[in-house]
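A.B. asks: model the structure of this input:
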Amino acid sequence: MHADVAEVSVSGVKSVLARPTTYMNESGVAVASLASYYSVPTERIIIVHDELDLAFDTLRLKLGGGDNGHNGVISVKDHLGTSEFMRVRMGIGRPTNGQPPADYVLAKFSAAQSQALPATLDLGSKAIEALLVNGLVTAQNEFNS
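C.D. replies: Modelled structure (predicted):
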């Protein structure tokens with residue numbers, strides 16, 4: 001399946017957590033394989049990814065839409081044949097020192113980012129739980145501020 005997988009219950013909702021073992025640019029291989037194996041409809045898939053166009057420690061929830069040039073999202077869209085999956089866009093901000101974006105996303109977090117990371121990850125996990133339990137619109141109202 002090209003992923004590390006855990007079958008869990010999130011607030012009573014049977015869920016599959018997966019971390020692709022492919023390169024990020026090929027993560028759609030794992031997503032499509034898992035969706036097929038578990039018979040998950042595309043509209044129930046949640047992809048969590050970094051987002052340059054959002055400030056660090058913010059997130060936005062959405063269904064479908066563009067890929068903003070994110071190669072992992074492009075791969076998922078290509079392998080599923082649609083963009084109609086839910087996304088948790090975790091903000092990482094853009095480099096401010098002229099650093100190329102590809103280098104920036106692979107660099108270590110700054111000291112301030114490292115300090116904020118636990119709260120950011122906690123926010124992301126709460127947003128995912130809200131998506132699973134309450135649905136997209138309710139979760140968006142709670143987390144897309």
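A.B. asks: next, give phi and psi for the residue positioned nearest the centre of the chain.
C.D. replies: Nearest to the mean C-alpha position of the chain, by CA atoms, centre = their mean, lies V48 at 0.8 Å. The phi and psi torsions at V48 (degrees, to the nearest 10) take the values phi -110, psi 130.
A.B. asks: now R60
C.D. replies: Residue torsions, per degrees, to the nearest 10, at R60 are phi -140, psi 140.
A.B. asks: so the closest residue to it other than its chain neighbours: helix, strand or coil?
C.D. replies: The spatially closest residue to R60, leaving aside those adjacent along the chain, is R89, at 4.7 Å (CB to CB, 6 or more residues apart in numbering). Every residue, glycine included, has its C-beta placed from N, CA and C. Here R89 is recorded as strand under DSSP: H, G, I helix; E, B strand; the rest coil.
A.B. asks: can you check K62 too?
C.D. replies: Assigned with three-state DSSP, K62 falls in the strand class.
A.B. asks: can I assume it is in contact with E84?
C.D. replies: No. Assessed by CB atoms under 8 Å, K62 is found out of contact with E84, at 10.8 Å.
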